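> no sequence for this one, just the structure:
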DNA sequence: TCAAAAGTCTATACAATCTGTAGACTTTAT
DNA sequence: ATAAAGTCTACAGATTGTATAGACTTTTGA
């Protein structure tokens, strides 16, 4: 039931790109800087960001002063999208996946106990991951920081 | 975010062992029969059941008329226990695991956005998996079967 | 115009985990 | 004694996860 390193690194990078700069806008940042600040292997991060770009959640600019930036406002990018791009379906078992359903081969899916439960688990995960935007997260972090005085 | 085949097969087998026989009691069943009925590779299932036995949730009897059976009433065996034995911690990321916590290396765990979210995800999963017993599942299956008339 | 800074793309390597198989062994009932 | 069952260890093959390499393209600005 684990998030892969790809997913983890990708989410961390997206979160960094979603954190407003001093001017209040979402920044443009180079692979190199993300990699150093978050201690992510640079070449690995490169692939991850590229995948996110090809999926349409990031844009990039080549050349001097270039880098990656969010394709849309942070309030419109949902965690579930990011995870699906990098790690595939969220469902614990294929037969309860909404996005990538596949039969599991049990005699009667309607009365399969495992499926009944995993359906609920998927729903619970989705209720969080498909309802939370990058902005929701950065705001929560801000709130917590203020609370702790850091 | 996937349950492994080990976990899946193990849960299916446990569910089968938790389904009361005609006398209303929890049955004793041979590896072979479980393997055939659930279409699980026999030798693979053998390892899985052995692990569950060593973890104390199953008992076994050798020799003629032997087989596996639940170590406790189905109402006292929780899905989360089974999954942890076969698949390890439930948490999507180590730094939010209750049973197997490990630092993830971010500068400040208290204000790590990823951690904030994954903590909620873990809690949501745990709320289901650590609160549902094998009996809860078999009863739900019965209810659904009755509803559908099968 | 050209050099440096940045991203793009494909291939590949290595390790870990997952899934499954093999076989020799022990225990128990009849 | 024999057959039916579980026990235990090793290992093999495939897949996935993690990471590195290197050659390429685009852009800026000196």
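Looks like it came in fine. Remember, predicted model here, so these are calculated numbers, not experimental data.

> show me what residue of chain A gets nearest to DNA strand D.
residue A:63 (2.7 Å; Cβ to the nearest atom of the strand). For every residue, glycine as well, the C-beta is placed using N, CA and C.

> what about that residue, helix or strand, and which?
According to DSSP states H and E, residue A:63 maps onto no helix or strand at all.

> how about the lengthiest helix in chain A, does it reach DNA strand C?
Counting by DSSP state H, the longest helix found in chain A is helix A:113-129. No. Contact of helix A:113-129 with DNA strand C (Cβ under 7 Å from any atom of the strand) is absent, the minimum separation being 14.4 Å.

> please apply the same query to stretch A:40-52.
Yes. Stretch A:40-52 comes into contact with DNA strand C (Cβ under 7 Å from any atom of the strand), by way of A:43, A:46-47, A:49-50.

> can you tell me which of these is closest to residue B:25?
Nearest to residue B:25 among the residues of stretch A:40-52 next to DNA strand C, counting by Cβ to Cβ, is residue A:47 at 55.2 Å.

> residues near that closest one, how many?
For residue A:47, the neighbour count with other Cβ atoms under 10 Å in any protein chain shown is 14.

> which residues sit in contact with residue A:120?
With contact set as Cβ atoms under 8 Å, 6 or more residues apart in numbering or on different chains, residue A:120 has these partners: residue B:128.

> got the residues of chain A near DNA strand C?
With the criterion set to Cβ under 7 Å from any atom of the strand, chain A comes near DNA strand C through A:29-32, A:43, A:46-47, A:49-50, A:53-54, A:60-68.

> now do the strands in chain A.
Defined through DSSP state E, the strands belonging to chain A, from first to last, are A:58-61, A:67-70.

> check contacts around the spatially most central residue of chain A.
The residue at the geometric middle of chain A, judged as the C-alpha nearest the mean C-alpha position with Cα atoms, centre = their mean, is residue A:82 (3.2 Å). Neighbour list for residue A:82: A:7, A:10-11, A:14, A:52, A:57 [criterion: Cβ under 8 Å, 6+ apart].

> and residue A:58, by the same measure?
In this structure, residue A:58 makes contact with A:14, A:17, A:49, A:52, A:68-71, judged by Cβ under 8 Å, 6+ apart.

> for residue A:91, same thing?
Counting by Cβ under 8 Å, 6+ apart, residue A:91 touches A:97-100, A:118, A:122, B:1-2.

> could you tell me which of the residues you listed count as buried?
Members of the contacts of residue A:91 that pass the buried threshold by neighbour count (16 or more other Cβ atoms under 10 Å in any protein chain shown) are listed as A:97, A:118, A:122, B:1-2.

> tell me which of those residues has the lowest pLDDT.
Of all the buried ones among the contacts of residue A:91, residue B:1 carries the smallest pLDDT score, 88.

> I'd like the distance between that one and chain A.
Distance of residue B:1 to chain A, given as Cβ to the nearest Cβ, to the nearest Å: 5 Å.

> out of everything not next to it in sequence, what's closest to that residue?
Residue nearest to residue B:1 in three dimensions, not counting chain neighbours: residue A:90, with 5.1 Å by Cβ to Cβ, 6 or more residues apart in numbering or on different chains.

> just for chain A, where's the confidence low?
By pLDDT under 70, chain A contains no weakly predicted segment.

> mind running it again at 90?
Counting by pLDDT under 90, chain A shows low-confidence ranges at A:1, A:99, A:103-108, A:150.

> tell me which residue lies farthest from the centre of it.
If you look at how far each residue of chain A sits from its centre, by Cα atoms, centre = their mean, the farthest one is residue A:107, at 35.1 Å.

> can you report how many residues neighbour residue A:102?
Taking other Cβ under 10 Å as the criterion, the count of residues near residue A:102 is 11.

> find the nearest non-adjacent residue to it, please.
Leaving aside its sequence neighbours, residue A:102 sits nearest to residue A:94 (Cβ to Cβ, 6+ apart; 4.0 Å).

> and for residue A:19?
The shortest distance from residue A:19 to any non-neighbouring residue, by Cβ to Cβ, 6+ apart, is to residue A:138 (5.3 Å).

> check contacts around that neighbour.
Listed by Cβ under 8 Å, 6+ apart, the contact partners of residue A:138 are A:15, A:18-20, A:74, B:113.
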